[in-house]
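Engineer: prediction below, plus the sequence it came from.
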Amino acid sequence: MTMLKKPTIILIIAVIVFAGIYFWLATPLRTDFSIEPRFDWPDETANYFWVKEYAQTGQLFSAEPLNLAAKNQIHPRSFNVRADGSLVPGSFLGLILLYGTLAKIFSLKAVIYFTPFFAILGVLAFFGICKRIFNEKVALLSAILMLIHPAWWYYSVTSMLPNVTFISLILLSIYFLFQGPKLKVSQTLLSAFFMGLALAIRPSEIIWLIAVYLVVIIYLREKLKLSHFVLFSAVAFLVFSPSLYQQQILFGDFLTSGYSQLQADQSGTCQSCQMVKSLILPFGFHPALAASNFWTHYLSRLWWLSLLAVLGLVGFLTQKGRQKIEIFGYILFSLFSFGWLIIYYGSWQFSDLLTVHLNTLGLSYVRYWLPLYLLALPFIAVGLIVLTNFLKNRWQNSVLILLLLALFYPSANLVLKAKPDSILPVRERIYNYKQTAWEVINATEPDSVIVTVRKDKVFFPERKVIHTFEALSLNQELLAILPDLTAVAPVYYYALGPEPTLELNDGLKLAEVRNIGQEVLYRIENQGVRIKNQSSP
């Protein structure tokens, strides 16, 4: 059996191997004590909390009475706070509703494996789509490249972020439309179902999705009927509608999402204006910045894949003989997608420079440009074929395997250990988060509030948290609420290092509780409250 005579068998073996790798990497290191799962991204922390909340209660809000005294400052990052102080999601609701529903069926322990599972389904769907557009050889290579691609691999095991699941659902939707000479009702239902789920997870991508399905409609125009459009639209809307319903409950508007609430302009800009802006140019139009970000975070970051993609594209365009019209359509659609997504996300400038400095694959540009990485894969595959075309047939497959192994090494190194945000360092960091959380939980009261610099994801949900990006003594807004908050609950401050002074203001004082490495847990004492209590009869 040669490599390319049995592509399905080879793909199944590759999928089984990488499914094992994905599931293993998504599994956290075990601790000697029981504690809620921890994550390295605030978005993951929020998504898991709301998935659990929805699975157990069917609700997407959590009351927080102490926010009356705290002026709505008690919440982790990526959460919203309503006027009554209750916590609600700070993201789109589709992933929470989907994973929460699945958790009711398969248990909360299975939640961290849903994204790797969808990632594998996405690879299989991508193989089927590429086989239809290109050929079996390019499709097999593209699917294997997808499995080992650093961005896909990384976000397949970063299990509570939505991007891989979103793309996998789109690939599944398109895959079912591409099957068979005629479009059956069952195919239409499945395609619409997956499309509705994808739209619920990332509704901000609707313009790009419209372009995707316009291309598909043009390609399938001969076998599409009006009934297919009606059925597809109806089913997709029904699947999407629970998100709209929950948004109405949480935010009082069907079209208001958690993201729009997080980014709301307090100057009184209309909700409709904000929604239109979020769909078209949420970060403005900055082509120079977009080009710089694209070079830095796409082309040069994985330069070896970029070179292969260019080689494959040139090789295809210069190839003699008639080419499939579907490939030219794929190229045109890819050009539109690159242009749109580069401007859409590339115009975003990170304000948190520490995030840019410390992260490589973990930077948000990478996950938002995941579709662009996948669109380039068939041309990377063609590039590999171009490199082996000068060899005799009996050597081509062997050299292709060697080239894939050569690509696998830098991918595995980058994904697993090369950078601080690689998966193995992150797993170790999360293990340390749990150790720190366990020590702090045992040193604080169950109803206490912890003010912390960037460590809110460590102590939540066992403890209420107030997050800050600067030292407490420099945050006047938080200092202003502490007198009232310390009067109704125990309040602590978790500092990244010893504070230069223990005296704050307004009678507030830091009392050291314990050191955890170089970090320090302080109790915030309110001298005014103590004097008042001591003078009471």
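Structural biologist: Looks like it came in fine.
Engineer: which parts of the stretch 351-500 of the chain are strands?
Structural biologist: 449-453, 464-468, 491-495 (DSSP state E, counting those that start in this stretch).
Engineer: wait, which of these is closest to Tyr213?
Structural biologist: Across these, Tyr213 has its closest neighbour in strand 464-468 (39.6 Å, C-beta to C-beta). Backbone N, C-alpha and C define where each C-beta goes, glycine included.
Engineer: now the strands of the stretch 351-500 of the chain as a markdown table including distance to Asn397 and mean neighbour count?
Structural biologist: A markdown table is the format used below for these (distance: least, C-beta to C-beta, whole Å; neighbours: other C-beta atoms under 10 Å):
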| stretch | distance to Asn397 | mean neighbour count |
| --- | --- | --- |
| strand 449-453 | 55 | 25 |
| strand 464-468 | 54 | 22 |
| strand 491-495 | 57 | 24 |
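Engineer: quick check, central residue of the protein?
Structural biologist: Leu161 (2.9 Å; C-alpha atoms, centre = their mean).
Engineer: so it versus Glu44, what's the distance?
Structural biologist: 6 Å (C-beta to C-beta, to the nearest Å).
Engineer: can you pull out the strands in the chain?
Structural biologist: Assigned by DSSP state E, the strands in the chain fall at 79-81, 87-89, 449-453, 464-468, 491-495, 508-516, 519-526.
Engineer: in a markdown table, list the ones you listed along with mean pLDDT and distance to Ser34.
Structural biologist: Listed next are the strands of the chain as a markdown table, based on pLDDT from 0 to 100; distance: least, C-beta to C-beta, whole Å:
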| stretch | mean pLDDT | distance to Ser34 |
| --- | --- | --- |
| strand 79-81 | 94 | 24 |
| strand 87-89 | 95 | 23 |
| strand 449-453 | 95 | 20 |
| strand 464-468 | 95 | 20 |
| strand 491-495 | 96 | 22 |
| strand 508-516 | 93 | 20 |
| strand 519-526 | 94 | 21 |
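Engineer: adding distance to Ile96, write those strands out as a markdown table.
Structural biologist: Shown next, in a markdown table, are the strands of the chain (distance: least, C-beta to C-beta, whole Å):
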| stretch | distance to Ile96 |
| --- | --- |
| strand 79-81 | 12 |
| strand 87-89 | 6 |
| strand 449-453 | 24 |
| strand 464-468 | 20 |
| strand 491-495 | 28 |
| strand 508-516 | 32 |
| strand 519-526 | 31 |
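Engineer: check which helices and strands whichever helix in the chain runs longest sits against.
Structural biologist: Identified as the longest helix of the chain according to DSSP state H is helix 226-251. Counting contacts by 3 or more C-beta pairs under 8 Å, 6 or more residues apart in numbering; DSSP states H and E, helix 226-251 is packed against strand 87-89, helix 94-106, helix 185-201, helix 258-262.
Engineer: only the buried residues of the longest one, if you could.
Structural biologist: Residues of helix 185-201 classed as buried under the neighbour-count rule (16 or more other C-beta atoms under 10 Å) are 187-188, 190-201.
Engineer: hang on, isn't Ala130 packed against Ala143?
Structural biologist: Actually, residue 130 is Cys. It isn't Ala. Yes: at 7.2 Å, Cys130 counts as touching Ala143 under the criterion of C-beta atoms under 8 Å.
Engineer: can I get the helices and strands packed on helix 226-251 in JSON lines with distance to Asn67?
Structural biologist: Formatted as JSON lines, the helices and strands packed on helix 226-251 follow (distance: least, C-beta to C-beta, whole Å):
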{"stretch": "strand 87-89", "distance to Asn67": "8"}
{"stretch": "helix 94-106", "distance to Asn67": "21"}
{"stretch": "helix 185-201", "distance to Asn67": "29"}
{"stretch": "helix 258-262", "distance to Asn67": "15"}
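Engineer: which ones are touching the residue lying closest to Gln179 once chain neighbours are set aside?
Structural biologist: Of all residues not flanking Gln179 in the chain, Gln187 sits nearest, at 5.9 Å (C-beta to C-beta, 6 or more residues apart in numbering). For Gln187, the contacting residues are Phe176, Leu177, Gln179, Gly180, by C-beta atoms under 8 Å, 6 or more residues apart in numbering.
Engineer: and if we set it to 10 Å?
Structural biologist: Applying C-beta atoms under 10 Å, 6 or more residues apart in numbering to Gln187 gives the contacts Tyr175, Phe176, Leu177, Phe178, Gln179, Gly180, His228, Phe232.
Engineer: contacting residues around the first one?
Structural biologist: Think Tyr175. 121-122, 124-129, 132, 187, 190-191, 194.
Engineer: 7 Å instead?
Structural biologist: By C-beta atoms under 7 Å, 6 or more residues apart in numbering, the contact set of Tyr175 is Ala125, Gly128, Ile129.
Engineer: what stretches of the stretch 251-400 of the chain score poorly on pLDDT?
Structural biologist: Scanning the stretch 251-400 of the chain for pLDDT under 70 picks out the ranges 259-278, 351-357.
Engineer: switch the cut-off to 80
Structural biologist: 255-282, 320-323, 350-359, 392-394 (pLDDT under 80).
Engineer: quickly list the domain ranges of the protein.
Structural biologist: Taking automatic domain parsing as the reference, the chain has its domains at 7-31+111-421, 434-535.
Engineer: now Gly497, nearest residue through space, not along the chain?
Structural biologist: The nearest residue in space to Gly497 (C-beta to C-beta, 6+ apart) is Gln518, at 5.6 Å.
Engineer: next one: that neighbour from Ala495, what distance?
Structural biologist: Separation of Gln518 from Ala495 (C-beta to C-beta) stands at 10 Å.
Engineer: what's the answer for Ile466, then?
Structural biologist: Ile466 is 13 Å from Ala495, by C-beta to C-beta.
Engineer: what touches both of these two?
Structural biologist: In contact with both Ile466 and Ala495: no residue, using C-beta under 7 Å, 6+ apart.
Engineer: what is the neighbour count of the closest residue to Leu95 other than its chain neighbours?
Structural biologist: The shortest distance from Leu95 to any non-neighbouring residue, by C-beta to C-beta, 6+ apart, is to Pro162 (4.3 Å). By other C-beta atoms under 10 Å, 25 other residues sit near Pro162.
Engineer: go ahead and confirm Leu97 touches Tyr245.
Structural biologist: No: in this structure, Leu97 is not within contact of Tyr245 by C-beta atoms under 7 Å, at 9.8 Å.
Engineer: thank you kindly, that will do.
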